[in-house]
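Colleague: Can you look at this prediction? I've put the sequence above it.
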Amino acid sequence: MRVLILGGTQFLGRHFVDAVQARGWPLTLFNRGQTNPDIYRDIDQLRGNRDPKIAPGLEALAGRSWDLIVDPSGYVPRLVRASLSALDSSSYYCFISSISVYRDFATPHQDENAPLGEIEDPTTEEWSGPAYGPLKVLCENEVRAARPANHLNVRAGLIIGPHDPTERFTYWLRRVARGGEVLAPVGPDLPCQAIHARDIAEWSLDMAASQRSGTYNVTSAVYSFGELLETTQRISGSDARITYVSEEFLLEQEVGPWMELPLWLPAEMAGLVRTSVAAAQEQGLQTRPLAQTIRETLAWAEETPPVDTSVGLTPEREAELLAAWGGR
């Protein structure tokens, strides 16, 4: 199977590259050549821009065809539509979407039939923030309309693993490994959901190889925050002491959910880490054990400094919060 990845040099794209190469499938990357441009010198790479308004646009794709297109870098409907139009309509199109597409973030165990988010201005291309999910909905619609019988819309949960630039999962691995008193949210039973990037890639390639179409939530089964921290402590061998603080306290102290304190979401958004993956599991989705993900990611993190230093509590902020909690 001949594969084209739109991007391919950052995080999830890199895991797709590894998974495709492991299968021995011919592979081409299309990107701007700006992110990690030297990591795949042995892979056919085409230079261009997903925006046809920015020269040379999609010209490098003209006259070429692939059996499978993997799109982990589509956020704006206009650009996804342009990519679909530039590529052979017989090619299977795998689009990486998000569980952020749902309208209601509070309800747990939502499946693929749950109501979707809407946007007032569907022409906006400012995709960060509240527009992210609704724009992914519109991107999914473009894929479904252009490839009704040979597409896969992957509604991914939090993606984790080596090469993760977001630090949302890796923060906890680094912090627990550092040891000492660790401030953690709510309690050890707090639900978590996250999926190793390679597990998304392997399942998506399996789906493409068998030409199964559809839209699926793709993330892990729910596990507990306590399991995450205790497993990390065991693997890292640290002397970390976990202090759980209440959600009420975190809100009083104006701690920012998800970014300042990664993986913690207040109750009105808790559905984002309790999503149903039953449909994908029926199609063969398997995820590696949490301990394996932690071990692989921690090994990478030990060799790689944080990419985004704005994520997570600073040592000073954590110490202040622990002191305030202890003084209550």
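Modeller: Okay, I see it. Everything numeric in this text was worked out from a predicted model, so none of it was measured.
Colleague: give me the element residue 127 is part of.
Modeller: Per DSSP states H and E: residue 127 is located in neither a helix nor a strand.
Colleague: Number of residues surrounding residue 226?
Modeller: Neighbour count of residue 226, defined by other CB atoms under 10 Å: 16. Placement of C-beta: from N, CA and C, glycine included.
Colleague: Could you grab the helix/strand/coil label for it?
Modeller: Following DSSP: H, G, I helix; E, B strand; the rest coil, we place residue 226 in the helix state.
Colleague: Not including adjacent chain positions, what is the nearest residue to it?
Modeller: Take residue 226 and drop its neighbours on the chain: the residue closest to it by CB to CB, 6 or more residues apart in numbering is residue 188, 2.6 Å away.
Colleague: Identify the residues contacting that neighbour.
Modeller: 224, 225, 226, 227, 229, 230, 242, 244 (CB atoms under 8 Å, 6 or more residues apart in numbering).
Colleague: Please name the bridge partners of the last one.
Modeller: Applying DSSP bridges to residue 244 yields these beta-bridge partners: residue 184.
Colleague: returning to what we had before: can you tell me the element the residue nearest to residue 226 falls in?
Modeller: Per DSSP H and E, there is no helix or strand for residue 188.
Colleague: roughly how far apart are it and residue 21?
Modeller: 39 Å (CB to CB, to the nearest Å).
Colleague: Ok, residue 322 next?
Modeller: Computed as CB to CB, the residue 322 to residue 21 distance reads 46 Å.
Colleague: so residue 318 is in which element?
Modeller: Here residue 318, judged by DSSP H and E, is contained in helix 315-326.
Colleague: Just give me how far that helix sits from the chain centre.
Modeller: In terms of CA atoms, centre = their mean, to the nearest Å, the centre of helix 315-326 is set 30 Å apart from its chain centre.
Colleague: Please identify the buried residues of it?
Modeller: For helix 315-326, the neighbour count (16 or more other CB atoms under 10 Å) marks 318, 321, 322, 325 as buried.
Colleague: for stretch 25-39, same thing?
Modeller: Of all the residues in stretch 25-39, those buried under the rule 16+ other CB under 10 Å are 25, 27, 28, 29, 30, 31.
Colleague: Then stretch 141-151?
Modeller: Result for stretch 141-151 [16+ other CB under 10 Å]: buried residues 141, 142, 143, 144, 146, 147, 150, 151.
Colleague: pLDDT and distance to residue 196 added to those residues, as CSV?
Modeller: Listed next are these as CSV, based on pLDDT from 0 to 100; distance: CB to CB, whole Å:
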residue, pLDDT, distance to residue 196
141, 98, 28
142, 98, 28
143, 98, 24
144, 98, 27
146, 97, 29
147, 97, 27
150, 96, 26
151, 98, 23
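Colleague: Next step: the residues you listed restricted to helices.
Modeller: Secondary structure from DSSP state H places 141, 142, 143, 144, 146 of those in helices.
Colleague: looking at it, the last one is touching residue 91, isn't it?
Modeller: No - checked against CB atoms under 8 Å, the pair residue 146 and residue 91 is beyond contact range at 10.3 Å.
Colleague: other SSEs contacting the helix or strand residue 18 falls within?
Modeller: Per DSSP H and E: residue 18 is located in helix 12-23. Other helices and strands packing on helix 12-23, by 3 or more CB pairs under 8 Å, 6 or more residues apart in numbering; DSSP states H and E, are strand 3-6, strand 27-31, helix 197-209.
Colleague: Just name the most buried of the ones you listed.
Modeller: Most buried of the helices and strands packed on helix 12-23 by mean neighbour count (mean count of other CB atoms under 10 Å) is strand 3-6; its value is a mean of 26.
Colleague: so what strands line up beside that strand?
Modeller: As defined by DSSP bridges, the strand partners of strand 3-6 come to strand 27-31 (parallel), strand 68-71 (parallel).
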